[in-house]
Each structure stands twice: as C-alpha cells, then as structure tokens.
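**Student:** pasting the sequence and the predicted model now:
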Amino acid sequence: MDFEKVVKERSEIYDAHVHLGPSGQWLPYVNPEVDASTVIDAMDGAGIKRAIVFPNPAPGDRYPLYNDMIMDSVEAYPDRLMGFGRVDPRRGEEAIDEVHRCAERGLLGIKLHPFVETYRPDHPDFDPLFEAIYREDIIILTHTGPGFASPGYMKKVLEDREDLKIILGHLNEGCIPLSRNYENVYADTSGTRVYMLEYACKHIPEKIVFGSDYPYLNYRVQKTVVDAADISNSLKESIFHSNLKRLLKG
C-alpha cells in the first residue's frame, strides 16, 4: 500500500479519540503529555481535518483545570479541535457539577475511563452522573476493554436512556451488540485489529468511527488498519468522516 498516496487521496478525516494536555503518572513506558500545537502538527502530518480532544488521566481534583485547557485549546483552534471534558465519577456531586459546567462552556461530550477511574458503569451510585450527561444532551466517549470497562456494563446505563449518545472506545467484539441495538451508540477504531474491523463492518457499518488514541498510538498504524481492511472505499470514507459527522449533528 502506498500510504502517502492514500493520505493525499482521502477527502477528509475526523478523529474521535485524541488526548491533550498534562497527565498523571500512570504509565511508565509513555509520556502522553502534548499541547494543542503539537496535536495540530500531528494532525497536519496525518491528514486529519478535525479531532475530538479530551484530557489525559489526572489524579485527585485536577480535571476541572484540565478541562479548562481543553476549552482554551478549542478556542485557539476552533476549526480543527472539538472538545470533550473529563470527570472522575467517584467524585459524586463534584463530577456532576463539572458535567454541567463543561456543557455550559460549549464542550460536546465527556470522556470516561472505567479502568483508570476504577468504577463500574452499571453501579447505581453513578446513575445520577449518567442522567446529568443525558439531560445535557452531550456525548459520552468511554474506554472499553476487559474488567470494569466491558461494553456490556453500559447496557444498564442505556435502559432508561435509549437515545443517549455514546462512542465506545477501542472497537472490540463486545461493542457490536450494544451499537446494533441502540441508535446513538457508536464505536471508534483506536487500537482495534483489521479482522475485528472487518467483522464489525458486517454488523454495524454505519456506527464505526475512526479514532487514533494519539499520542498513545501511532497515527500511521491506526489509519492503516482502516485502509488495510477488506471493505469498500465508500465504507472507509464513512468510517473516516461521515459516521462521526452524523453523530455530532444528531
């Protein structure tokens, strides 16, 4: 595959999964701290038109500060960056207040990470948080994977909120039934494998959006996963931009 030719021929790419800003010391093998200008440079190099950005993991009560940095970054690059806030659900009313503040300040969604923040989405104590996000009519982007991050735990969240907007991070087999059964549940491709993408496209082709997980993952590799998949070019275009644009407009 001529990767550079693919980049030039692609009409536009929207990235649903980009970290930005400082980070807590939670991984020994990577420093994910990047500022807005570095993200823009990476996007330019990869041919990314627009990206959803949200804070890196933060200890304690730092998310409001990190969310302010997201707001400032979006203000600096309004045509390139779309902002999501981040909260620690275990902080109860503080987290709920931060959801409302983020929505009032124009952020489009909230990033959640059951593994990093150590919570199960189906625990009743977190229901008020999900209700606040739902009432604000903003999007959830949640990490998915093993343990607390199993996509199946989000089914409880959706029981009384069937039109809640969710992007399930890191497309895996567990994402497929949830996305298939709920209109506004999508999955991003960050970290997925070619075979999983091909399998998902047979079941939820209109629900898959491109995600890079930059700077944790490499833009070249994440784009190549989509381009290497045995799916139609029109479907690749949908994954790279049309599907996410539809969710954002909804």
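**Tutor:** That came through fine.

**Student:** please make it C-alpha for all contacts and neighbour counts, starting now.
**Tutor:** Fine.

**Student:** contact partners of stretch 199-214?
**Tutor:** Stretch 199-214 is contacted from outside by 13-19, 169-170, 173, 176, 179-180, 185-191, 218-219, 222-223, 231, 235, 238-241, 243-244, using Cα atoms under 8 Å, 6 or more residues apart in numbering.

**Student:** ok, and for the longest helix anywhere in the chain, which residues are buried?
**Tutor:** Counting by DSSP state H, the longest helix found in the chain is helix 63-76. Of the residues in helix 63-76, 63-64, 66-67, 69-71, 73-74 count as buried by neighbour count, 16 or more other Cα atoms under 10 Å.

**Student:** C-terminal to the least confident helix or strand in the chain by mean pLDDT, what's the next element?
**Tutor:** The least trusted helix or strand in the chain, going by mean pLDDT, DSSP states H and E, turns out to be helix 3-9, with a mean of 50. Sequence-wise, the next helix or strand downstream of helix 3-9 (DSSP states H and E) is strand 14-20.

**Student:** which residues does that next one contact?
**Tutor:** Here strand 14-20 makes contact (Cα under 8 Å, 6+ apart) with 32-36, 39, 48-56, 70, 169, 188, 190, 209-215, 240-241, 244.

**Student:** could you check the helix or strand just after that strand and say which residues are buried?
**Tutor:** Later in the chain than strand 14-20, the nearest helix or strand by DSSP H and E is helix 36-46. Residues 36, 39-40, 42-43, 46 are the ones in helix 36-46 that count as buried (16+ other Cα under 10 Å).

**Student:** so where do the helices sit in this protein?
**Tutor:** Residue ranges of the helices in the chain, as given by DSSP H, are 3-9, 36-46, 63-76, 93-104, 114-117, 127-136, 154-158, 175-181, 194-201, 219-228, 233-237, 243-249.

**Student:** nearest to residue 28, out of those?
**Tutor:** helix 114-117 (14.4 Å; Cα to Cα).

**Student:** can you give the distance of the closest one from its chain's centre?
**Tutor:** Chain-centre distance of helix 114-117: 15 Å, with Cα atoms, centre = their mean, to the nearest Å.

**Student:** how about that helix: buried residues?
**Tutor:** Using 16+ other Cα under 10 Å as the test for burial, helix 114-117 gives 114-115, 117.

**Student:** and if you look at stretch 216-233?
**Tutor:** For stretch 216-233, burial by neighbour count (16+ other Cα under 10 Å) applies to 219, 222-223, 225-227, 229, 231.

**Student:** now render those as a markdown table, adding pLDDT and distance to residue 202.
**Tutor:** Converted to a markdown table, the buried residues of stretch 216-233 look like this (pLDDT from 0 to 100; distance: Cα to Cα, whole Å):
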| residue | pLDDT | distance to residue 202 |
| --- | --- | --- |
| 219 | 97 | 25 |
| 222 | 98 | 20 |
| 223 | 98 | 19 |
| 225 | 98 | 16 |
| 226 | 98 | 14 |
| 227 | 97 | 16 |
| 229 | 98 | 12 |
| 231 | 98 | 9 |
